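A.B. asks: I'll drop the sequence and a predicted model, then ask my questions.
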Amino acid sequence: MIALPYLEYLTYLAVILLIGVIFSIISNKLKIPNLLFLILLGVVLNHIYYKGDKLIEFSPLFLTSIAVLALVMIVFDSTSRFKLKEFDTLSIKALKLTGFFLFFNILFLTLITLLITDMSVDLHSVFLALIFSTIMSGTDPGSVLSLFKDKTNRVTELLKIEAIVNTPFNVLLPFIFFDLMASIDVDVLSKFLEQIIPFLKQIVTGIGAGIVIGIVIFKIMSKKYSKTFSPLAVFIAALLSYILAENLGGNGVLAVTTLGLFFGNVYIKEKTELIKFSSELTNALEILVFVLVGFIIDLPLNFNFFFISLILFVFYIIIRFFAITISFPRKEYNLKEKIFMSLNVTKGIAVAVTALILITYNIEGFVPISHLILIFLLYSVILTSVVVRFSKFFIKITAVQPEKIQ
């Protein structure tokens, strides 16, 4: 046993990252999203004991720090890709699909979750179900892009854009619902309006913090670029916007979202290189986050849980098919293409990091929701991996020309 606690943590991190990298290499060879192996690695590590105690333990403070850092980077990385001037027809279609899928999840998945689980039907449980349904409204850009990186089709292109568009929504909304749940006294609904005003102040403060940091940092970066310090300035700006908003009583995630949109739509020297840096940093955190999610969330290994969660997942796929059908009512996409889009619901780093940070909040009643989030992560990866293997049955795939592959 290592005597110094910090050496203990460093040892754990080194082992997790080393095994994680090896598993990621194996997953690339097998053409399977690496998050499946990484989550399972976390589950296995969580059940390894030495002399009656768990072999690996992490403090809540450490987990919160890692979760917040990863959350900041994934939100900034996804929102910084939004360029309003470059919105085309496909982007509008993806935004339309994202909106309908989010709306129907909030409406139907929330209700079904309350009905078929053991959750009590009260305002607190409704907010928990809303948090779950909004988290499940996203698909993962990394997973989708990696599955189709050497293939092209109008359906896969739409899935790629949708995955990028929906990420900010499925990260931001759960925290908005959490803040709203915390601000509303469930025993005094008559004071609803009085409690809504502080919540709205959180929103305004979050947006303001993102704008202020963006103006100060990016105005300087629009004139000068340093290969060494500019990437660091982007990272510091994202972290500062979150910290400033939270210290002022605002929504930190919304602050980072605002900053990312600001970054994506103003002139900054060597912006492409800076976006590449934020993406690489996010990818580095990905391994740790997936393993920690599998490590922290202890799934109930009983038939009843898997049966109920599977039924809920089937309803979830039906809801997505319904959203796709409403989004594209004409003969723009045939039935096979719509089924293919419905079955491609892979979750990834955005869902994992949102779940991880919400777990650290110790929300009353959130444990069952965390179980559903993790099992949906696994179900979605397995389903998408199988569907992609038989993609030729659903859509016509064309190989990308070598010179076009980025």
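C.D. replies: Looks like it arrived, so ask away.
A.B. asks: which residues touch residue 68?
C.D. replies: With contacts defined as C-beta atoms under 8 Å, 6 or more residues apart in numbering, residue 68 is in contact with 242, 357. Every residue, glycine included, has its C-beta placed from N, CA and C.
A.B. asks: Sorry, slip of the keys, the one I care about is residue 311.
C.D. replies: Each residue near residue 311 by C-beta under 8 Å, 6+ apart is listed here: residue 116.
A.B. asks: what's the model's confidence in the one helix or strand it maps to, averaged?
C.D. replies: Residue 311 is part of helix 303-327, with elements assigned from DSSP states H and E. Here helix 303-327 scores 94 as its mean pLDDT.
A.B. asks: from the middle of its chain, how far away would it be?
C.D. replies: Mean-position distance between helix 303-327 and its chain equals 19 Å (C-alpha atoms, centre = their mean, to the nearest Å).
A.B. asks: For the helix or strand following it, which helices and strands make contact with it?
C.D. replies: As assigned by DSSP H and E, the chain's next helix or strand after helix 303-327 is helix 335-343. If contacts are counted by 3 or more C-beta pairs under 8 Å, 6 or more residues apart in numbering; DSSP states H and E, helix 335-343 sits against helix 154-183, helix 303-327, helix 366-389, helix 391-394.
A.B. asks: list the buried ones in the helix holding residue 311?
C.D. replies: 305, 309, 312-313, 315-317, 319-321, 323-324, 327 (16 or more other C-beta atoms under 10 Å).
A.B. asks: Likewise for stretch 259-279?
C.D. replies: Residues 259-264, 268, 271, 274-275, 277-279 are the ones in stretch 259-279 that count as buried (16+ other C-beta under 10 Å).
A.B. asks: Of all the helices and strands packed on helix 335-343, which one is nearest residue 75?
C.D. replies: helix 154-183 (5.4 Å; C-beta to C-beta).
A.B. asks: okay, the angle between the closest one and helix 335-343?
C.D. replies: For helix 154-183 against helix 335-343, the angle by axes from the mean of the first three to the mean of the last three C-alpha atoms, to 10 degrees is 40 degrees.
A.B. asks: Could you list the buried residues of helix 154-183?
C.D. replies: For helix 154-183, by 16+ other C-beta under 10 Å, it's 155-156, 158-181, 183.
A.B. asks: Kindly report the same for stretch 28-39.
C.D. replies: Neighbour count says stretch 28-39 has 32-39 buried, by 16+ other C-beta under 10 Å.
A.B. asks: Work out the gap between that stretch and the centre of the chain.
C.D. replies: The answer for stretch 28-39 is 17 Å, by C-alpha atoms, centre = their mean.
A.B. asks: Put the alpha carbons of that stretch into PDB.
C.D. replies: What follows is stretch 28-39 as a C-alpha-only set of coordinates in PDB (Å, rounded to 0.1, in the frame of the first residue of the first chain):
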ATOM      1  CA  ASN A  28     -10.600   0.800 -33.100                       C
ATOM      2  CA  LYS A  29      -9.400  -2.500 -34.500                       C
ATOM      3  CA  LEU A  30     -12.800  -4.000 -33.900                       C
ATOM      4  CA  LYS A  31     -14.600  -0.900 -35.200                       C
ATOM      5  CA  ILE A  32     -16.600  -0.600 -32.000                       C
ATOM      6  CA  PRO A  33     -17.000   2.700 -30.000                       C
ATOM      7  CA  ASN A  34     -14.400   2.600 -27.200                       C
ATOM      8  CA  LEU A  35     -16.800   3.800 -24.600                       C
ATOM      9  CA  LEU A  36     -18.300   0.300 -24.400                       C
ATOM     10  CA  PHE A  37     -14.900  -1.200 -23.300                       C
ATOM     11  CA  LEU A  38     -14.100   1.800 -21.000                       C
ATOM     12  CA  ILE A  39     -17.400   1.600 -19.100                       C
END
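A.B. asks: The chain should start at 13 in everything you say after this.
C.D. replies: All right, first residue 13 from here; so that's stretch 40-51.
A.B. asks: on that earlier part again, and the direction of the helix holding residue 323 versus that of helix 378-401, what angle?
C.D. replies: Using the same axes, to 10 degrees: helix 315-339 against helix 378-401 is 60 degrees.
A.B. asks: and the spatially most central residue of the chain, what helix or strand is that in?
C.D. replies: Nearest to the mean C-alpha position of the chain, counting by C-alpha atoms, centre = their mean, stands residue 362 at 1.5 Å. Per DSSP H and E, residue 362 falls inside helix 361-372.
A.B. asks: Look up how far residue 114 lies from residue 120.
C.D. replies: 11 Å (C-beta to C-beta, to the nearest Å).
A.B. asks: Kindly report the same for residue 180.
C.D. replies: In terms of C-beta to C-beta, residue 180 sits 11 Å off from residue 114.
A.B. asks: contacting residues for the closest residue to residue 250 other than its chain neighbours?
C.D. replies: Take residue 250 and drop its neighbours on the chain: the residue closest to it by C-beta to C-beta, 6 or more residues apart in numbering is residue 88, 4.2 Å away. When the contact criterion is C-beta under 8 Å, 6+ apart, the partners of residue 88 are 246, 250, 268, 271-272, 275, 290.
A.B. asks: Where does residue 88 sit, in terms of helix or strand?
C.D. replies: Assigned by DSSP H and E, residue 88 falls within helix 72-91.
A.B. asks: which residues touch the nearest residue to residue 272 once chain neighbours are set aside?
C.D. replies: Excluding its sequence neighbours, the residue lying closest to residue 272 (C-beta to C-beta, 6+ apart) is residue 91, at 2.9 Å. Residue 91 is in contact with 180, 268-269, 271-273, 275-276, counting by C-beta under 8 Å, 6+ apart.
A.B. asks: can you check residue 258 too?
C.D. replies: Taking C-beta under 8 Å, 6+ apart, we find residue 258 in contact with residue 264.
A.B. asks: which element is it on?
C.D. replies: Here residue 258 is assigned to helix 242-259, by DSSP H and E.
A.B. asks: Can you name every helix or strand that the very next helix or strand once past that helix contacts?
C.D. replies: Downstream of helix 242-259, the first helix or strand assigned by DSSP H and E is helix 264-276. The contact analysis (3+ C-beta pairs under 8 Å, 6+ apart) places helix 264-276 against helix 72-91, helix 166-195, helix 204-233, helix 242-259.
A.B. asks: who does whichever helix or strand comes after the first one touch, helix- and strand-wise?
C.D. replies: It stands for helix 72-91. Counting by DSSP H and E, the next helix or strand C-terminal to helix 72-91 is helix 101-116. Applying 3+ C-beta pairs under 8 Å, 6+ apart, one finds that helix 101-116 contacts helix 166-195, helix 315-339.
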